[in-house]
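Student: Everything below, folded, please.
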Amino acid sequence: MNLLDLARAIFGLAFVLGLIGLAAWAARRYAPQLMARLSAERGERRMKVMETLVLDPARRLVLVRIDDEERLILLGEGRELIEPRGPGESK
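Tutor: Numbering: from 1, shown residues only. Down below sits the predicted model:
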């Protein structure tokens, strides 16, 4: 392997890594709008994830809105815990 082959291999690697970086930048820049547009075409959804909070590597809190009601869900370690809410309680 001579110096020209080594330079060609390094240039090829740099080019491929540059393309991967460009694709990652484009996905971060344009994908959220694209995904929002695609979901809007399907009609209004009843369920939305309002917010998430990572507690530790195994658990996270998720605030979900279903119709006009919000529920707090604890996910992790193979189980889910949904905030209990009585029939007369308000938000």
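Student: What helices and strands are in contact with whichever strand or helix holds A7?
Tutor: Assigned by DSSP states H and E, A7 falls within helix 3-41. With contacts defined as 3 or more CB pairs under 8 Å, 6 or more residues apart in numbering; DSSP states H and E, helix 3-41 has no helix or strand neighbours. In short, each C-beta sits where N, CA and C put it, glycine included.
Student: Which SSE is immediately downstream of that helix?
Tutor: strand 47-56.
Student: And that following strand, how far out from the chain middle?
Tutor: With CA atoms, centre = their mean, to the nearest Å as the basis, strand 47-56 stands 11 Å off its chain's centre.
Student: ok, now stretch 20-36?
Tutor: Using CA atoms, centre = their mean, the offset of stretch 20-36 from its chain centre is 12 Å.
Student: Equivalent analysis for stretch 9-24, please.
Tutor: Using CA atoms, centre = their mean, the offset of stretch 9-24 from its chain centre is 25 Å.
Student: what's next to the helix or strand bottoming out on mean pLDDT in the chain, contact-wise?
Tutor: The helix or strand with the lowest mean pLDDT-type score in the chain, counting by mean pLDDT, DSSP states H and E, is strand 79-82 (a mean of 74). Applying CB atoms under 8 Å, 6 or more residues apart in numbering, the contact partners of strand 79-82 are 71-74.
Student: Quick check on these: which are buried?
Tutor: With burial judged by 16 or more other CB atoms under 10 Å, the buried subset of the contacts of strand 79-82 is L74.
Student: Quick check, central residue of this protein?
Tutor: In the chain, the residue lying closest to the centroid (CA atoms, centre = their mean) is P32, at 9.6 Å.
Student: State the pLDDT value of it.
Tutor: Per-residue pLDDT puts P32 at 71.
Student: Low-confidence regions, this protein specifically.
Tutor: 33-43, 84-91 (pLDDT under 70).
Student: so what's M1 up against?
Tutor: By CB under 8 Å, 6+ apart, M1 has no neighbours at all.
Student: Bridged to R79, which residues?
Tutor: Bridge pairing for R79 (DSSP bridges) gives the partners G76.
Student: and if you look at R60?
Tutor: Applying DSSP bridges, one finds that R60 bridges with V54, L75.
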